[in-house]
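> Need coordinates for the following:
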Amino acid sequence: MDNQTVLPGSSSPFGSTPNSSGRGALTGVLLVILGLGTAIFGTLTVIFSTQAIKATSQTNSKVAAAVAKARDDQKKQDTAAATLANESPYLAYTAPEELGSFVINYPKTWSVNIDRENSSTQVQLTVNPVAITKAYGVDAPVAARVSLITRDKTSYMGQFANNVKNGKVKQTSLTVSGQPAYDLTTSTVGILGGKILHEVVVPIRDKVLVFTSENNTYAAEFGQMVSQAKVNP
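Reported below is the predicted structural model:
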């Protein structure tokens, strides 16, 4: 019987060696594990992707619903405001921002005149139930005027001191839009000898906002204008 010699690196005539068999089995196991990992990763990717799409869809739905609700709420508010404005017996004048943005409500059926000047009286709102007229250059008495005057409280109120002292003018304190104010009334010939019968003075920093009435027939409406005024301190 001939002896067979197996050289290093050559195949055994009797089949695979134990080492090569083990390597094959290990490779198979690794392939199985890799396949399972790939399958699991793919499954998780699908699950997470589906959840992300669902979450995004839900978020978009909530955002769309919120936008629709906000739009509907705004529409309701606008409708309510329009209805209130139509029902209100008043209109509002809002002064320019540089003049303090004060707001004066006046009867919507009254005549109104707004005058702005580069003078001590920066703005004057005149309202009257009938036409605002002049006769021979003199304004006819009106129900109310509202004037923003560039004089400080001390200077402006000082002109009434004598008439208050001698009893011709009655001075009391009140509050207008949360601000301390002065109420001046007279039953004689006007507060300063003219046609003004009732005056309310609201100090605003270095200026005064002055409400004046020249016709006591509309005293109630004048009082409403004063009480409804909005003044920024």
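
> Please name the residues that touch residue 187.
Counting by CB atoms under 8 Å, 6 or more residues apart in numbering, residue 187 touches no other residue. Yep, even glycine has a C-beta here, placed from its N, CA and C like the rest.

> no, scratch that, I was asking about residue 33
Counted by CB under 8 Å, 6+ apart, residue 33 has zero contacts.

> Adjust the sequence numbering to begin at 4 for everything that follows.
Got it, the first residue is 4 from now on, which makes the last one we talked about residue 36.

> so where do the helices sit in this structure?
21-90, 156-161, 164-168, 222-231 (DSSP state H).

> Make TSV out of those helices and add mean pLDDT and distance to residue 145.
Formatted as TSV, those follow (pLDDT from 0 to 100; distance: least, CB to CB, whole Å):
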stretch	mean pLDDT	distance to residue 145
helix 21-90	75	25
helix 156-161	96	21
helix 164-168	94	22
helix 222-231	96	10
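
> Which among those is found nearest to residue 144?
Each of these has some distance to residue 144 by CB to CB; the shortest is helix 222-231, at 12.3 Å.

> What are the buried residues along stretch 117-136?
For stretch 117-136, the neighbour count (16 or more other CB atoms under 10 Å) marks 124, 125, 126, 127, 128, 129, 130, 131, 135 as buried.

> wait, I meant stretch 190-200
So, applying 16+ other CB under 10 Å, buried residues of stretch 190-200: 194, 195, 198, 199, 200.

> contacting residues for the second one?
When contacts are counted by CB under 8 Å, 6+ apart, residue 195 touches 162, 163, 166.

> Quick one: buried ones out of those?
Neighbour-count burial within those applies to 163, 166; the criterion is 16+ other CB under 10 Å.

> related to what we said a few turns ago, make JSON lines out of the helices of the chain and add distance to residue 115.
Below are these laid out as JSON lines (distance: least, CB to CB, whole Å):
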{"stretch": "helix 21-90", "distance to residue 115": "16"}
{"stretch": "helix 156-161", "distance to residue 115": "25"}
{"stretch": "helix 164-168", "distance to residue 115": "30"}
{"stretch": "helix 222-231", "distance to residue 115": "12"}
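
> taking those helices together, which one is wrapped up most tightly?
Highest mean neighbour count among those (mean count of other CB atoms under 10 Å): helix 222-231, with a mean of 17.

> Which elements pack onto that one?
Judged by 3 or more CB pairs under 8 Å, 6 or more residues apart in numbering; DSSP states H and E, helix 222-231 is in contact with strand 106-110, strand 147-152, strand 201-207, strand 210-216.

> So what touches the third one?
Spelled out, that is strand 201-207. Taking CB under 8 Å, 6+ apart as the rule, strand 201-207 contacts 103, 105, 151, 155-156, 159-160, 177, 179-180, 182-189, 194, 211-216, 219, 222, 225, 229, 232, 234-236.
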